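[1] Got a predicted model here, sequence first, then my questions.
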There are 2 protein chains.
Amino acid sequence: MPNEKPKAVVLLSGGLDSATTLYMARRDGYTLHALSFRYGQRHSHELACAARVAQAASVTQHVVLDIDLRKFGGSALTADLAVPKHRSAAAMAGGIPVTYVPARNTIFLSLALAWAESLGAADIFIGVNALDYSGYPDCRPEFIAAFERLANLATKVGVEGRLRLRIHAPLIGMTKAEIIRTGRDLGVDYSLTSSCYDPAPDGRACGACDACQLRAKGFAEVGRRDPAGPPAPDEG
Amino acid sequence: MPNEKPKAVVLLSGGLDSATTLYMARRDGYTLHALSFRYGQRHSHELACAARVAQAASVTQHVVLDIDLRKFGGSALTADLAVPKHRSAAAMAGGIPVTYVPARNTIFLSLALAWAESLGAADIFIGVNALDYSGYPDCRPEFIAAFERLANLATKVGVEGRLRLRIHAPLIGMTKAEIIRTGRDLGVDYSLTSSCYDPAPDGRACGACDACQLRAKGFAEVGRRDPAGPPAPDEG
């Protein structure tokens, strides 16, 4: 009898959040179609992490798509602006950071939607999180709801009523510590992941950007050492 | 005094509709930032047309972005399926055709949105048309309205209230004949455009696909010969 599990497209950056999301989709009974992007990000090390996570999770397929967003300019992740370091929690909560990439999640979800429709998949997973890090407009529940509504108007399968497309953002209301606990229970190997906005050429995390600080805080709260974190001071 | 015209991002395929849309944006007083895609379409001849139209309209900038949608499969425009020929008007009106590309306009608008935000442009133009050719779900007014709503939730400029993003689809309710008349009044040179889904290697239109038939009907209704159409039978 053929495999009758439903298919899901899962956006996979190679970071902690998307790796956890991938394992949550697996837990929920989907076959996994992982999608990553080479979009001109400075930290392309994350793509190597995405490939390792995809392999560890035994995905059915992992597609890496090239989109050169550098042609549009406008973000520290794709241009030559400095990534902010050692910001306080108050500073992080104080507005949309320079690391914002214009319309990034809209672009990523659009491409996931195209693939989902081609596959006959109704379900798309994205690891956005609104609680720990509320600065990005396209990480909020109202954005996800608006995209889901659009998806069902934009596609043949949606308009014909053959599929009810759903955008799953299971991390959206979780703290980083809750995400890490959930992932550990599901067997995520966080040593394979990378969250840093400004890693060293060998992929080592900087430990000081917003993403590194949020990740470190999450591991501290669950009482664990981050297996992919920067070396502790006494490891010098 | 610096140029104070507002900027617009205009999706430009190189076809009749998008060329007309570009000239309508110019008429409305915008500086033009034209955006085209190399997405694995069989008819890449249209990109040469897009470049010629952009030059003729004196755009400020023309960006061609590569996205290999063939990685997702699922359309006659990007895969090896046959393009339907000599279909009747009734057949064309009878459902979503095989030439549908999953989520194409969602993807194109998402990327236009990213560029618009980077430029500080509030206005995006797309040459979709719901009247002559109602088969595509992402050519309908409700799709455009849903995308505009999403755009203002998805972006920093929208959320901060610095720009009210608008998606302009000025052709959406026009017949092909009305589009051609409008374009002629604005000086569009239709000999530079290509609408065919299945052109010959030298770019010559097939004359038989849905797009060719709709275009021919439009020129017939305005009593003009299509300067980029297939040769008339007596030119044989």
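    Good, I have the coordinates.

[2] contacting residues around A:L111?
    Neighbouring residues of A:L111 by C-beta atoms under 8 Å, 6 or more residues apart in numbering or on different chains: A:35, A:37, A:65, A:67, B:67, B:72, B:103, B:107. C-betas here are computed from N, CA, C, even on glycine.

[3] and of those residues, the nearest to B:D138?
    Here the nearest of those to B:D138, counting by C-beta to C-beta, is B:A103; it sits at 7.2 Å.

[4] Now do the contacts for that closest one.
    A:110-111, A:113-114, A:117, A:151, A:154-155, B:138.

[5] Run the chain-centre distance for stretch A:163-179.
    Centroid displacement of stretch A:163-179 relative to its chain, using C-alpha atoms, centre = their mean, to the nearest Å, is 11 Å.

[6] which of the residues in that stretch are buried?
    Along stretch A:163-179, these residues count as buried under the neighbour rule (16 or more other C-beta atoms under 10 Å in any protein chain shown): A:163, A:165, A:167-172, A:174-179.

[7] Ok, stretch A:103-120 next?
    So, applying 16+ other C-beta under 10 Å, buried residues of stretch A:103-120: A:103-119.

[8] and if you look at stretch A:90-99?
    Applying 16+ other C-beta under 10 Å to stretch A:90-99 flags A:92, A:97-99 as buried.

[9] just checking, next helix/strand downstream of the lowest-mean-pLDDT helix or strand in chain A?
    The least trusted helix or strand in chain A, going by mean pLDDT, DSSP states H and E, turns out to be helix A:89-92, with a mean of 75. The C-terminal neighbour of helix A:89-92 among helices and strands, as given by DSSP states H and E, is helix A:104-119.

[10] Mean confidence (pLDDT) on that following helix, please.
    Regarding helix A:104-119, the rounded mean pLDDT is 95.

[11] Output it as CSV, restricted to C-alpha atoms.
    Coordinates of each C-alpha in helix A:104-119 appear next as CSV, following Å, rounded to 0.1, in the frame of the first residue of the first chain:
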residue,chain,number,x,y,z
ARG,A,104,11.4,38.0,3.4
ASN,A,105,8.7,35.8,4.9
THR,A,106,6.2,36.9,2.3
ILE,A,107,8.7,35.8,-0.4
PHE,A,108,9.6,32.5,1.4
LEU,A,109,5.9,31.6,2.0
SER,A,110,5.0,32.4,-1.6
LEU,A,111,7.6,30.0,-2.9
ALA,A,112,6.6,27.4,-0.3
LEU,A,113,3.0,27.9,-1.6
ALA,A,114,4.1,27.2,-5.2
TRP,A,115,5.8,24.0,-4.2
ALA,A,116,2.9,22.9,-2.0
GLU,A,117,0.5,23.4,-4.8
SER,A,118,2.8,21.4,-7.2
LEU,A,119,3.1,18.6,-4.6
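
[12] Give me the distance between that helix and the centre of its chain.
    Counting by C-alpha atoms, centre = their mean, helix A:104-119 comes out at 14 Å from the chain centroid.

[13] Also stretch A:124-143?
    10 Å.

[14] measure it end to end?
    Counting by C-alpha to C-alpha, to the nearest Å, you get 14 Å between the two ends of stretch A:124-143.

[15] try stretch A:193-202
    Between the start and the finish of stretch A:193-202 there is a gap of 14 Å, counting by C-alpha to C-alpha.

[16] got it, and stretch A:99-107?
    Start-to-end span of stretch A:99-107 (C-alpha to C-alpha) is 16 Å.

[17] just to revisit the earlier point, turn the contacts of B:A103 into TSV, including distance to A:E142.
    As requested, those are arranged in TSV below (distance: C-beta to C-beta, whole Å):
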residue	distance to A:E142
A:S110	18
A:L111	21
A:L113	18
A:A114	23
A:E117	24
A:A151	15
A:A154	18
A:T155	21
B:D138	22
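
[18] Considering those, which is situated nearest to A:L22?
    A:L111 (16.8 Å).

[19] where's that closest one relative to B:A48, distance?
    Distance, A:L111 to B:A48, using C-beta to C-beta, to the nearest Å: 25 Å.

[20] just checking, what packs against the strand or helix carrying A:A48?
    Element membership for A:A48 (DSSP H and E) is helix A:45-56. The contact analysis (3 or more C-beta pairs under 8 Å, 6 or more residues apart in numbering or on different chains; DSSP states H and E) places helix A:45-56 against helix A:16-27, strand A:31-38, strand A:61-66.

[21] Pick the most deeply packed of those.
    Of all those, helix A:16-27 carries the top mean neighbour count, a mean of 25, counting by mean count of other C-beta atoms under 10 Å in any protein chain shown.

[22] Give me the contact list for that helix.
    Against helix A:16-27 from outside (C-beta under 8 Å, 6+ apart): A:8, A:10-12, A:32, A:34, A:50, A:53-54, A:57, A:59, A:123, A:125-129, A:168, A:170-171, A:176, A:179-180, A:182-183, A:186-188, A:190, A:192-193, A:195, A:215, A:218.

[23] A:P141: what's it in contact with?
    Residues counted as contacts of A:P141 (C-beta under 8 Å, 6+ apart) are A:130, A:169, A:172-173.

[24] What is the nearest of those to B:D202?
    When the contacts of A:P141 are compared for distance to B:D202 (C-beta to C-beta), A:A169 wins out at 48.6 Å.

[25] wait, doesn't the closest one sit right on A:V128?
    Yes. Judged on C-beta atoms under 8 Å, A:A169 makes contact with A:V128 at a distance of 5.2 Å.
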